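> quick check, what structure comes out for this input:
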Amino acid sequence: LEELQEMKARLEDQLNAIGKAGEIAIPIFNAAKMGSQLGKDANCLLPDLSRLMPDVEFDELDFGSICEAGNAYRSKLWISPEALSKMSWNKKNEQVSEIRNRRENVLVDAASKGLGQADIAQKMAADANQAAAEIEAAADKAKDTNTRLTVLTKAMAANMRVQAQTNQILAQQLKVQSAFALASGLQIDNVLAEEEDDKKKGETE
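Got it, this is the predicted structure:
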């Protein structure tokens, strides 16, 4: 019985040690830099719509899903032909001018941030390479299972940060392409905006 109790105690100690693997401190400085950079970039990449569209009341807009965000952009970057036809000449010119200014602001914001993000992505690629070297060195020095598990956890975290940066780049690339489409000849008046207007009227009624 005493031997069994000793075996049980040793097993519990091993399980507790494995559970505390994450508490082992292995400094991966470049991985930490990547995490800090991602946080800064995420805040920067969010558009300040109050600057891009200063003449819009954003209390009316909802960005809870892709469809809702798309509808919000469509209602402020296009106008229905029917709505235009009911406006006076001066009002029509004013409305078209506002939409053109919004489109130009969106394009400038997307293009400038895209240029900046390209530079930061190159910097983060170097950080990711250094982080991989640090993780590899830590793995070579690991002498027990707990340390190896911690190194593996650090490697997975670094890989997730690289993937997060890739997702940021893809999202910004999509925004640049969409903004370029706005500037490349898409008409300001479009029947889809009219359909959206009609839908809103139906929901209101």
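> quick one: neighbours of Glu3, just the number.
7 (other C-beta atoms under 10 Å). Every C-beta, even on glycine, is put in place using the N, C-alpha and C of the backbone.
> which helix or strand contains it?
According to DSSP states H and E, Glu3 maps onto helix 2-19.
> give me the mean pLDDT for that helix.
Mean per-residue pLDDT for helix 2-19: 68.
> what's downstream of that helix, the next helix or strand?
Past helix 2-19, the next helix or strand by DSSP H and E is helix 29-45.
> in space, not sequence, find me the middle residue of this protein.
The C-alpha lying nearest the average C-alpha coordinate of the chain belongs to Gln168 (C-alpha atoms, centre = their mean; 4.8 Å).
> helix/strand/coil for it?
helix (DSSP: H, G, I helix; E, B strand; the rest coil).
> any stretches of the protein with poor pLDDT?
Where the chain drops to pLDDT under 70, the residues are 1, 11-27, 58-62, 194-205.
> mind redoing it with 50?
Applying pLDDT under 50 to the chain flags residues 197-205.
> how about the helices in it?
2-19, 29-45, 49-52, 66-77, 81-85, 89-141, 145-183, 191-204 (DSSP state H).
> tell me what the third one is packed against?
Contact partners of helix 49-52 among helices and strands, from 3 or more C-beta pairs under 8 Å, 6 or more residues apart in numbering; DSSP states H and E: helix 89-141.
> what's the helix it packs on packed up against?
By 3+ C-beta pairs under 8 Å, 6+ apart, helix 89-141 packs against helix 29-45, helix 49-52, helix 66-77, helix 81-85, helix 145-183.
> tell me what angle that helix forms with helix 29-45.
170 degrees (axes from the mean of the first three to the mean of the last three C-alpha atoms, to 10 degrees).
> from the chain's centroid, how far away is helix 89-141?
Remark: helix 89-141 is offset 10 Å from the chain centroid, using C-alpha atoms, centre = their mean, to the nearest Å.
> ditto for stretch 67-83
Chain-centre distance of stretch 67-83: 23 Å, with C-alpha atoms, centre = their mean.
> got the contact list for the residue nearest to Gly35 when sequence neighbours are not counted?
With sequence-adjacent residues excluded and distances taken as C-beta to C-beta, 6 or more residues apart in numbering, Gly35 is closest to Arg161, at 5.8 Å. Contacts here follow C-beta atoms under 8 Å, 6 or more residues apart in numbering; on that basis Arg161 touches 31, 34-35, 38, 128.
> if any of those are buried, put those into a ChimeraX selection.
Only the buried members of those enter the following ChimeraX selection, criterion being 16 or more other C-beta atoms under 10 Å:
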select :31,34,38,128
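> can I get the contacts of Arg161 in a markdown table including distance to Met53?
Converted to a markdown table, the contacts of Arg161 look like this (distance: C-beta to C-beta, whole Å):
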| residue | distance to Met53 |
| --- | --- |
| Ala31 | 38 |
| Met34 | 33 |
| Gly35 | 32 |
| Leu38 | 27 |
| Ala128 | 36 |
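> before we move on, back to that, closest to Ala121 out of the helices and strands packed on helix 89-141?
Distance to Ala121, taken as C-beta to C-beta, is lowest for helix 145-183 among the helices and strands packed on helix 89-141, at 6.0 Å.
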